[in-house]
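Enquirer: Sequence first, then the predicted structure:
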Amino acid sequence: CWAIKDFHENHKITNNARESVALAISKGCDVNCGSSYLCLVQAYKENKVTKKQLKQAAIRLFTTRYLLGEMDGSEHDSIPYSEVESREHLAYSKEAALKSMVLLKNDNCLPLDKSKIKTIAIIGPNANSRAALIGNYHGTASRYYTIAEGIQDAVAEDDIRVYTSEGCHLFKDRIEHLGKPGDRIAEAEYIAGISDVVILAVGLDETLEGEEGDTGNSYASGDKTDLALPKSQQQLVEALKKVGTQIVILNMTGSAMDLSYAKDDKTIKAIIQTWYPGSEGGKAVADILFGKVSPSGKLPVTFYNSLEELPDFKDYSMEGRTYRYMKKPAQYPFGYGLTYSKVEVKSAEIVAEENVKRALNDIATLRNMWLDVKVKLINTGKADTDEVVQIYCKNLESKYAV
């Protein structure tokens, strides 16, 4: 959205909107989210765009709409509104949250044993936040289960006392307008001190993490400037670490963060990357914390140690980026994720390997080829768990393989 106007307003590769739309449509951009393509008429009159280009774009667009069933309907039109938030769909929502969460650290802390816990402190600006559930580009649910609510419900029938504290604002230095800086830290420290375990929900939400300065986005969000937590949350974390009660970090973000403050700390016993887990997120978190479900998600991105190790923003090469091209160890690499058990790969083999070798000589055959792989897994741990099998492929004979 609004990318084409960046051609002339920000990137300065064209002089005006007519030149920008002419460049875009010549490169195969058939549709524009924004207002720039209103200038196509004038660009056509100035012979910057041809009738053939316009016709080609229109044909492709309307063919797509036709295939989507916009003209004569589709099977989706018959789905009744009652299916929205049906019991089955809510179950899928929770399942998606459970399967996406990633256990990054666990020093024999999780799952929590209810029989050994008398008090839990749920702390953090995202602990009771609905905004931290929904993330970016979202619909609206009829009901949201926050982290605090999910945990409270999970122990409702047990003899466990639950304390809660916001601890700090998401990014401001105080919660109450008339309060002093750090106006909730003392409360958080106190309940942490009288609890057996602290569940600390930190991170971001769409007010801090969204598209680059785009006021068309909810709350005028923008790209975050670094990988660190907001200062208010950093101060809360450091204060709670000094209390000494074991801490479980729930990092609620949509992207990589610097978790060095928690990775090697002896007080912080566990880290779960929850992402923005949706309206059923609180239930899902509780199921993982108390061992009803073993986490099995793997990181779809790399968590770096610092911005300093990354290339300059204007460097468009891949050198130094992602698990494939990094020269230094990642904080948490792509594909990383723990479970409550131990799963071993006992064997892995490509079926009909000779067919693969023959296909290497025929690129057309190779592109359309499926590879069947047989993998044998054994759960040698003490907990039932799912596991994500990761298979990495590389053409060892290609000069382009890295």
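Expert: Noted; the coordinates are in hand.
Enquirer: any low-confidence regions in this protein?
Expert: For the chain, the stretches with pLDDT under 70 are 211-222, 353-369, 402.
Enquirer: Distance from the biggest helix by length in the chain to the middle of the chain?
Expert: The longest helix of the chain (DSSP state H) is helix 51-67. From the chain centre to the centre of helix 51-67 is a distance of 34 Å (C-alpha atoms, centre = their mean, to the nearest Å).
Enquirer: Could you list the alpha-carbon positions for it in PDB?
Expert: Extracted as PDB, the C-alpha positions of helix 51-67 are listed here (Å, rounded to 0.1, in the frame of the first residue of the first chain):
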ATOM      1  CA  LYS A  51      -3.100   0.700 -24.300                       C
ATOM      2  CA  LYS A  52      -1.600  -2.800 -24.600                       C
ATOM      3  CA  GLN A  53      -0.200  -2.500 -21.100                       C
ATOM      4  CA  LEU A  54      -3.500  -1.300 -19.600                       C
ATOM      5  CA  LYS A  55      -5.500  -4.100 -21.400                       C
ATOM      6  CA  GLN A  56      -3.000  -6.800 -20.200                       C
ATOM      7  CA  ALA A  57      -3.300  -5.600 -16.600                       C
ATOM      8  CA  ALA A  58      -7.100  -5.400 -16.800                       C
ATOM      9  CA  ILE A  59      -7.400  -8.900 -18.300                       C
ATOM     10  CA  ARG A  60      -5.200 -10.400 -15.600                       C
ATOM     11  CA  LEU A  61      -7.000  -8.700 -12.800                       C
ATOM     12  CA  PHE A  62     -10.500  -9.600 -14.000                       C
ATOM     13  CA  THR A  63      -9.400 -13.200 -14.800                       C
ATOM     14  CA  THR A  64      -8.200 -13.500 -11.200                       C
ATOM     15  CA  ARG A  65     -11.500 -12.100  -9.900                       C
ATOM     16  CA  TYR A  66     -13.400 -14.500 -12.100                       C
ATOM     17  CA  LEU A  67     -11.400 -17.500 -10.900                       C
END
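Enquirer: helices and strands around it, which ones?
Expert: Contacts defined by 3 or more C-beta pairs under 8 Å, 6 or more residues apart in numbering; DSSP states H and E place helix 51-67 against helix 17-26, helix 40-45. Bear in mind the C-beta positions are built from the backbone N, C-alpha and C, glycine included.
Enquirer: And the residue nearest the centre of this structure?
Expert: Nearest to the mean C-alpha position of the chain, counting by C-alpha atoms, centre = their mean, stands residue 254 at 3.5 Å.
Enquirer: show me the contacts for it.
Expert: For residue 254, the contact set (C-beta atoms under 8 Å, 6 or more residues apart in numbering) comprises 135-136, 204, 209, 275-276.
Enquirer: rerun at 7 Å
Expert: Contact analysis of residue 254 by C-beta atoms under 7 Å, 6 or more residues apart in numbering lists 135-136, 209, 275-276.
Enquirer: now do residue 85
Expert: Residue 85 touches 141-142, counting by C-beta under 7 Å, 6+ apart.
Enquirer: gap between it and residue 255?
Expert: Distance, residue 85 to residue 255, by C-beta to C-beta, to the nearest Å: 28 Å.
Enquirer: all strands for the stretch 251-400 of the chain, in order.
Expert: Along the stretch 251-400 of the chain, counting by DSSP state E, counting those that start in this stretch, strands occupy 268-273, 343-350, 373-379.
Enquirer: Strands of the stretch 101-250 of the chain, residue ranges please.
Expert: Assigned by DSSP E, counting those that start in this stretch, the strands in the stretch 101-250 of the chain fall at 102-106, 119-123, 161-165, 197-203, 247-252.
Enquirer: Those: which one's closest to residue 323?
Expert: Set against residue 323 and scored by C-beta to C-beta, the strands of the stretch 101-250 of the chain come closest in strand 102-106, at 14.5 Å.
Enquirer: can you give me the angle that closest one makes with strand 268-273?
Expert: Angle, strand 102-106 to strand 268-273, by axes from the mean of the first three to the mean of the last three C-alpha atoms, to 10 degrees: 170 degrees.
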